[in-house]
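Colleague: Need a 3D model of the following:
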Amino acid sequence: MATKKEKRRVPELLAPAGTKEAFIAAVESGADAIYLGGKTLNARIGAGNFDFSEMKEAIDFAHKRKVKVYVTVNTLVKDDEIEEALAYCCELYNIGADALIIQDFGLGYLVKKTIPDFPIHLSTQGSVYDFMGVEAASKLGYERVVLAREVSLDEIKNICENTDVEIEVFCHGALCICYSGQCQMSRAIGARSGNRGACAQPCRLAYELEEGGKKKGRGYHLSPSDLNLIDYIGELADAGVASIKIEGRMKSPEYVSVVTSIYRKYLDEYRDNGSYMVSDEDRFALEQIFNRGFTTAYVDGVDEDFMSGEMPKHRGVYVGEVIASEKIKNKDDRYIVDALFDIPIEKNDVLEIGNARCKVTLIEGKYPKLRIGDVIGSVNRGDAIYRMVSEVQASFASLSYKSKDWNAGKFHRKTKVTWDVIANKEGFVKCILRDDSGIAIEKVGGPFDHSDDGSAAERIKESLCKMGGTPFEVESVKIRGIVPYKIPVSKINELRRSAVEEMEEALCDVKRKPVVTKEVFSACNDESLVSAQEKLDADASDKKGLSAIEVFYYDVDAFLGDSDITNDKAEIAEGVEKFILLPAAELIDKNEETEKKAKSIGAQVIPYISNITKGKEDAIIKKEFDAICKLAAKNGIYIGNINWIKKFSEAGVRVFGDYGLNNYNCFSEVAIKTLGAERVFDSLEAFDIGGGFVGHAPLMTSEHSFPGDTLIDRKGEKYSIVKRDFSSQDVISFGKGMSLRDAISELPKTRAEKGGIIRLYI
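Modeller: Predicted coordinates:
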């Protein structure tokens, strides 16, 4: 006898929504969960986003259809914003959000202290890329970690095998050239912070690349292709990933519909069959809806398609070639074009031909040779034609949301329910509506007249199955007992409507005890929070001068070869300590030289571990851990990621959190200290561009290896590409070179870190 085929576990499909239309499209297209942002504290503040009333409607709409909703609260929060931010999170809890996606460690800490049963997910901006980082996030209360996009499939599998924390990975959409959360490029160029939700996307601009002073070409050297892991669904499922995430809160609802539906299709195929084969039509659809070229990025190693080349925007799909063009009389810059097409096109398709663009209003001829018009801009014979928007695709995708509102429209997505009908001899009928989560709504009708023509049971079934515009679909109706009654259809309809209304209410009821939004913060009696607030108040009133200066070098040789710091005769106020910060991974073999030079200028050495250590640096730290602990025994060690803090702290080393942890408020410092840090340096976000970025501050940390050493923007500003032998990452830095004397003179323009520390980056 054949046994029922066991279905495989597959990850949750998490789709983006920047608008109501995109939200409905995501639900209708098969998303298991949706992430969205409000009008504040979200990293895509330029999206449409949702106010509270809209968000409540969206959450209820989703919950009726068994779809979860995660709200992004994924920006860094200032000290004077933290109380309001917590109140916002309380409101989200009260309206039924299933989880928060958080970047700021301080806000996450407060949420878990004050609303402990509210799930929090650590954003990819937390820069977690290994098991130790996941373990640290778990200690801070995060139930799920969104891994950095730079992890490989083997690394994902290793993390999943060693933790009970849910792991989420991106599977489709835009990539950042920088580790998320570590980017200061937008703020440096346009004074718009990505960590504060206002990224200006400077990575999509053109730059001149130089190496050794020689120009290597102008191009889009910071613009990656788009991620596409449609062929890796099975591997991600088998690795143990809890959720695969589509990027795109700034994208159209048509984009959300197309991408979500295709990933849903193949997730289901893999779940049911253990394998799948992506059709050419679906590959083409993904390419047509939006692509900067596709890449699998770091899942199987950086490939040749990682960068988008000369097209930092949607490139469409190639559809044909111009064979002739003719200018339209009395119409400036408008042309009729003859072309040979590889695929049919339709009216209202949007085409791009060189720098010309055309919404097709005219099609004449017989495919494949067609005449189209009218094209705005000059075109030439041989020009390639790309279709940017397919009218057929867009129209079909729009069916997922058009003519639909939260409580009106003909919906495809339904929650499956069943009816149990129990009849007794007294003439009563009990109708029980159930969903698959155990909710049961009971309704009783009767007594009814015993005279019957034998059709009562069928009338009951027919009436109970009429769900109309409700969010439910009846799978079965089971009738127990004999129904020898003459039951009016109107009575059964009344029972059905009442049960359905209560089922909707039950699905929207998250059964949480409401929290008081404005009182949670002040009512919290946790000692660490109170002391943090007291420290904040003390820092605000304490106008300390300079107490220490730190000189941060990207590599040891830069320090050993720095004659400026040796010759600097700057007068430093009495009592001011001078520290040289050097990478621990390089310091092991050069400690004697560095100590000698540091001593000659009256400074002490503090080793540091980079904000991103994945690859070479991790390997060195693991191999030389004991030796590094000895180097750090005297002055401690700076650590720029949550992953290594516990390890060094447990080894008895004094740990200082570095800028990569994005400490932006007193509560994030408290949170990071719970991992074992003694104190935490401020995020670069805390310093004003031009003043606080003293020296060559790090703007980007990238897994991508750039084929040069300098980038030059359109205004002629130069950005150094720092390559280090001990590291697998390149760092892009920007700022003016200065001596120690100059750095000290910059002090009045900076916001010094708590305790009066100023840092110079070399």
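
Colleague: For the residue nearest to the spatial centre of the chain, what are phi and psi?
Modeller: Of all residues in the chain, the one closest to the mean position by C-alpha atoms, centre = their mean is residue 124, 5.5 Å from it. Per-residue torsions, residue 124: phi -60, psi -20 (degrees, to the nearest 10).

Colleague: For the closest residue to residue 606 other than its chain neighbours, which residues are in contact?
Modeller: Once flanking residues are discounted, residue 606 sits nearest to residue 635: 4.7 Å by C-beta to C-beta, 6 or more residues apart in numbering. Glycine gets a C-beta too; all of them are placed from N, C-alpha and C. Contact analysis of residue 635 by C-beta atoms under 8 Å, 6 or more residues apart in numbering lists 579, 604-606, 654.

Colleague: Which of the helices and strands in the protein ranks last by mean pLDDT?
Modeller: helix 527-541 (a mean of 54; mean pLDDT, DSSP states H and E).

Colleague: Residue 290 touches residue 254, doesn't it?
Modeller: No. With contact defined as C-beta atoms under 8 Å, residue 290 does not count as touching residue 254 (9.3 Å).

Colleague: Am I right that the residue nearest to residue 606 sits in a strand?
Modeller: No. Counting by DSSP: H, G, I helix; E, B strand; the rest coil, residue 635 is not part of a strand but coil.

Colleague: Ramachandran angles for it?
Modeller: phi -110, psi 0.

Colleague: still on that earlier bit, so of the contacts of residue 635, which two are at opposite extremes in space?
Modeller: 605 and 654 (13.8 Å; C-beta to C-beta).

Colleague: The two: who's more crowded?
Modeller: residue 605 (21 against 17; other C-beta atoms under 10 Å).

Colleague: Torsion angles phi and psi at the more buried one?
Modeller: phi -100, psi 130.

Colleague: distance of it from residue 478?
Modeller: 77 Å (C-beta to C-beta, to the nearest Å).

Colleague: what do you get for residue 620?
Modeller: To residue 478, residue 620 is 66 Å away according to C-beta to C-beta.

Colleague: ditto for residue 622
Modeller: The value you get for residue 622 to residue 478, if C-beta to C-beta is used, is 61 Å.

Colleague: Check residue 729 too.
Modeller: 61 Å.

Colleague: the more surrounded of those two?
Modeller: Applying other C-beta under 10 Å to residue 729 and residue 478 shows that residue 729 carries more neighbours, namely 25 against 11.

Colleague: who touches the more buried one in this structure?
Modeller: Shown in contact with residue 729 (C-beta under 8 Å, 6+ apart): 179, 610, 612, 614-615, 701-703.

Colleague: For the stretch 1-150 of the chain, which segments count as helices?
Modeller: Using DSSP state H, counting those that start in this stretch, the helices of the stretch 1-150 of the chain run over residues 20-28, 52-63, 82-94, 105-114, 131-139.

Colleague: and which of the contacts of residue 635 is nearest to residue 587?
Modeller: residue 605 (7.4 Å).

Colleague: wait, what's in contact with that closest one?
Modeller: Taking C-beta under 8 Å, 6+ apart as the test, what residue 605 contacts is 579-582, 587, 591, 594-595, 598, 631, 635.

Colleague: okay, the residue of the chain most remote from its centre: pLDDT?
Modeller: Centroid-distance maximum for the chain: residue 451 at 63.9 Å, with C-alpha atoms, centre = their mean. Per-residue confidence (pLDDT) for residue 451: 71.

Colleague: Do I have it right that it meets residue 427?
Modeller: No. Applying C-beta under 8 Å, one finds residue 451 not in contact with residue 427, separated by 10.8 Å.

Colleague: which residues of the chain score low on pLDDT?
Modeller: The chain contains residues with pLDDT under 70 at 1-5, 43-44, 47, 302-304, 452-453, 517-546, 567-575, 688-694, 736-755.

Colleague: again, only using 50
Modeller: 1-3, 525, 540-543, 690-692, 748-754 (pLDDT under 50).

Colleague: all helices for the stretch 151-300 of the chain, in order.
Modeller: According to DSSP H, counting those that start in this stretch, the helices that the stretch 151-300 of the chain contains are 153-161, 185-190, 233-239, 253-273, 280-289.

Colleague: out of those helices, nearest to residue 218?
Modeller: helix 185-190 (16.6 Å).

Colleague: and the closest one, how far from the chain's centre?
Modeller: A distance of 20 Å separates the centroid of the chain from that of helix 185-190, by C-alpha atoms, centre = their mean, to the nearest Å.

Colleague: Equivalent analysis for stretch 38-52, please.
Modeller: On the basis of C-alpha atoms, centre = their mean, stretch 38-52 sits 14 Å off its chain's mean C-alpha point.

Colleague: Keeping just the C-alphas, turn it into PDB.
Modeller: Taking C-alpha atoms only, stretch 38-52 is exported to PDB below (Å, rounded to 0.1, in the frame of the first residue of the first chain):
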ATOM      1  CA  GLY A  38       6.000  53.200   9.600                       C
ATOM      2  CA  LYS A  39       6.500  56.900   9.100                       C
ATOM      3  CA  THR A  40       9.500  57.000  11.400                       C
ATOM      4  CA  LEU A  41      12.500  54.900  12.500                       C
ATOM      5  CA  ASN A  42      12.700  52.800   9.300                       C
ATOM      6  CA  ALA A  43      15.600  52.400   6.900                       C
ATOM      7  CA  ARG A  44      13.400  53.100   3.800                       C
ATOM      8  CA  ILE A  45      11.800  56.400   4.900                       C
ATOM      9  CA  GLY A  46      11.500  57.200   1.200                       C
ATOM     10  CA  ALA A  47       8.900  54.400   0.700                       C
ATOM     11  CA  GLY A  48       5.200  55.100   1.000                       C
ATOM     12  CA  ASN A  49       5.100  53.400   4.400                       C
ATOM     13  CA  PHE A  50       2.200  53.200   6.800                       C
ATOM     14  CA  ASP A  51       0.700  55.300   9.500                       C
ATOM     15  CA  PHE A  52      -0.800  53.600  12.600                       C
END
